[in-house]
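Trainee: A predicted structure for the sequence below; I have some questions about it.
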Amino acid sequence: MTEALTSAAVPADLPVNTVPAGKSVPAEGFAAPDPAGTPATATEIEAAVHAIADRSRHAARKMAHANRAWKDRGLRAIGKALVEHKHQILAANAKDVESGRAAGTSAALLDRLTLTDTRITALAAALENLATLPDPVGNVVRGQTLPNGLRLRQINVPMGVVAAIYEARPNVTVDIAGLALKSGNAVILRGGSAAAATNAALITILRDALESVGLPADAVQTVDQYGRDGANALMRARGRVDVLIPRGGRDLIQTVVTNSSVPVIETGEGNVHIFVDASASEDMAVDILLNAKTQRPSVCNTVETLLVHSKSTVLPAIAAALRAAGVTLHVDQRVRAALPASIQSVPATDEDWATEYMNLDLAVAMVDSLDEAVRHIRKWSTGHTEAILTNDLANAERFIAEIDSAAVIVNASTRFTDGGELGLGAEVGISTQKLHARGPMGLTELTTTKWIVQGEGQIRG
């Protein structure tokens, strides 16, 4: 069982499901509920989570009828409220970060946990951008008129109640809520104990903002106050929750996939590869590797393994630049022999090829061909993102055709596998499965479809 599914004390900040309908708690307060009113047994918690889901279902019906202008007002109200209450958010986040640091949380997870003035501003900007995107609800996927005169349309409609279980990522609270609202859904969140104070503050602000424009506050709810039992009840709420999205490390994702009776869209870890072909230019290779490894090492689209063609001449320059940026190189014997003695490295093992470091560590191997690079990637990849750096069009086309990952990139940083960067506004997560959604999941991926059949009295013969 992962950290995000372990029991957590009721946070000092407000668990939003204690807010009565029509009431609002000032963002400055976040008063804690009376512990005596918190369900104690697993049965009581399951009943409480079911009640939350039922309120979400009611809110989802209202959201499904909200037009684009109304939903966009809600998004802009949330963005404005985040900026107005950034000091309270940062104060709550500081408590979580300090608790995480005291508990020995890794630097990578602390980075994901941390909100800054700049990151809050970016969250508000992402909501504004989301408001400018087309509404997917009602979009006609396909349509035709049959020979018998029946008129057919397949249209996008909201999923209904979307749940998400994630860990130590308070920005995900805003991203998922924004995407769910724009696509006409209600959302239930389980953000984990590591970000309990921050998430409680954020969700209260989101709910208040929705009410301020006449949208249902219950379109955003949380089960954080019920800890592990609440997460387990959420995973078993089939029929009340339409889809569940886990986002985090391998253990969390597999726990949800294995134990959930609610349909799951599986997101995956990012053991991401870059293959430097013999034809790749030095300047491009150095710039891309530095960006892909060091711009933000703690996220899933950061490169974790570098494969270099044995005939490439750019390895020393890449290695020198990465070492200067503080990257630890885990190298095979051929790479070590090709590097100057002045460039420090450590020997790589099979564990390195399988590791999503999420820090300034990088596994480096030498290969003799594109075929060998593809074989390595097929063996160790998690199906997230792979990239090739090359000036050979035929090799680029072969790489695209033979690599079976959610995103394949040619001559650009792997950091672009991101909903915001790809024009989706934000993302719920990056799906590495092949059913329903694959890659960054934006607005359309939070909808399903229905068939509209219109006739004039036709009957089937």
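Mentor: Here it is on my side, so go on. In this text, all values refer to a predicted model and were calculated from it rather than measured experimentally.
Trainee: only C-alpha atoms for contact and neighbour calcs from this point on.
Mentor: Fine.
Trainee: Strands along the stretch 151-300 of the chain, start to end?
Mentor: 151-158, 161-166, 186-190, 220-222, 243-247, 272-276 (DSSP state E, counting those that start in this stretch).
Trainee: so which of these gets nearest Ala60?
Mentor: strand 186-190 (4.8 Å; CA to CA).
Trainee: on that earlier part again, among the strands of the stretch 151-300 of the chain, which gets the worst mean confidence?
Mentor: With a mean of 91, strand 243-247 has the lowest mean pLDDT of the strands of the stretch 151-300 of the chain.
Trainee: As a check, name the ranges of all helices in the stretch 1-150 of the chain.
Mentor: Applying DSSP state H, counting those that start in this stretch to the stretch 1-150 of the chain gives helices spanning 42-65, 68-84, 86-102, 107-113, 117-132.
Trainee: Can I get the strands of the stretch 151-300 of the chain in CSV including mean neighbour count?
Mentor: Below are those laid out as CSV (neighbours: other CA atoms under 10 Å):
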stretch, mean neighbour count
strand 151-158, 20
strand 161-166, 26
strand 186-190, 29
strand 220-222, 28
strand 243-247, 25
strand 272-276, 28
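Trainee: looking at these, which is closest to Arg61?
Mentor: Proximity to Arg61 (CA to CA) singles out strand 186-190 among those, at 8.6 Å.
Trainee: and the angle from that closest one to helix 42-65?
Mentor: Inter-element angle recorded for strand 186-190 and helix 42-65: 140 degrees (by axes from the mean of the first three to the mean of the last three CA atoms, to 10 degrees).
Trainee: I'd like the helices of the stretch 1-150 of the chain written out as TSV, with mean pLDDT, distance to Thr204 and mean neighbour count added.
Mentor: Formatted as TSV, those follow (pLDDT from 0 to 100; distance: least, CA to CA, whole Å; neighbours: other CA atoms under 10 Å):
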stretch	mean pLDDT	distance to Thr204	mean neighbour count
helix 42-65	96	15	20
helix 68-84	97	10	21
helix 86-102	96	11	18
helix 107-113	87	18	18
helix 117-132	94	15	18
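Trainee: Relative to Glu84, which of the strands of the stretch 151-300 of the chain is closest?
Mentor: Evaluated with CA to CA, these place strand 220-222 nearest to Glu84, the distance being 19.5 Å.
Trainee: Describe which strands the closest one pairs with in its sheet and in which direction.
Mentor: Its sheet considered, strand 220-222 pairs with strand 186-190 (parallel) by DSSP bridges.
Trainee: what's next to the partner strand, contact-wise?
Mentor: 53, 56-57, 59-60, 63, 160-166, 173, 176-177, 180-181, 218-224, 231 (CA atoms under 8 Å, 6 or more residues apart in numbering).
Trainee: can you rerun that using 7 Å?
Mentor: Strand 186-190 has contacts (CA atoms under 7 Å, 6 or more residues apart in numbering) with 56, 59-60, 160-166, 177, 180, 219-224, 231.
Trainee: just stretch 366-375 next, same as before
Mentor: Contacts for stretch 366-375 (CA under 7 Å, 6+ apart): Phe275, Leu307, Val308, His309, Ser310, Arg334, Val335, Ile403.
Trainee: In JSON lines: the helices of the stretch 1-150 of the chain, plus distance to Glu266.
Mentor: Supplementary listing: these in JSON lines, determined by distance: least, CA to CA, whole Å:
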{"stretch": "helix 42-65", "distance to Glu266": "21"}
{"stretch": "helix 68-84", "distance to Glu266": "26"}
{"stretch": "helix 86-102", "distance to Glu266": "27"}
{"stretch": "helix 107-113", "distance to Glu266": "20"}
{"stretch": "helix 117-132", "distance to Glu266": "23"}
